[in-house]
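Student: With the sequence up front, the predicted model follows.
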Amino acid sequence: MGSEEGVRERLEALLREKDCSHGFLERVRELLLELSLGPPDPQLSPVLLRLEGLSSRLRGSYSCLRSDSPLREDWRRTVNYEFLRLKEELSILRERLGGGENRPLPDLRRLAEEMREEGAIRESTWAFLLSSPCGPREMEREEVREALLRVLRLFSELRRMRRERVGAQG
């Protein structure tokens, strides 16, 4: 297997990708192949399996996108959705590889307030988040961290899409 630093650099490059492309899919395939050739790691195995499944499904959807089918727009939405899911899993992989160890924990209250202000969550969801115990001990649990990171990524993607829509209209 290549150097751990090289794997992290390629992973970071994949996470910076904005759109699905043949080159992106090939780089994901190469990274997965390289990681699967190393010694088995019980922490990485489930993530690698999910990544392989998502990557395979995305590759199939992407190939349908290139056809002149009347369902092309439906395939485009499917590709965009699967692309975001794949990037979420790549981000989880980065966390498991230790790429996010020094990142501070997100402030759940601030995040909930921002999402409510932008209309990304309903008032009832906002109230539920604020009433939930979200001390440092709860947030350090792996499943809570992963869920928060997913919410942050999805919220960031929502913001990006809104900015693009406003830019296209103005």
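Tutor: Noted; the coordinates are in hand. Numbering: from 1, shown residues only.

Student: domains in the protein, as residue ranges please.
Tutor: Per automatic domain parsing, the structural domains of the chain span 4-96, 108-169.

Student: Contacts only, for Ser55.
Tutor: Ser55 sits next to Leu25, Val28, Arg29, Leu32, Leu86 when contact means Cβ atoms under 8 Å, 6 or more residues apart in numbering. Where you see a C-beta, it was placed from the backbone N, CA and C, and this is true even at glycine.

Student: of those, buried ones?
Tutor: Leu25, Val28, Leu32, Leu86 (16 or more other Cβ atoms under 10 Å).

Student: So among these, where is pLDDT lowest?
Tutor: Across the buried ones among the contacts of Ser55, the smallest pLDDT goes to Leu32, namely 89.

Student: Report how far apart the opening and closing residues of stretch 109-124 are.
Tutor: Counting by Cα to Cα, to the nearest Å, you get 14 Å between the two ends of stretch 109-124.

Student: chain center to it, what's the gap?
Tutor: Taking Cα atoms, centre = their mean, to the nearest Å, one finds stretch 109-124 lying 20 Å from the centre of the chain it belongs to.

Student: circling back: of the buried ones among the contacts of Ser55, which is the nearest to Arg66?
Tutor: Leu25 (12.1 Å; Cβ to Cβ).
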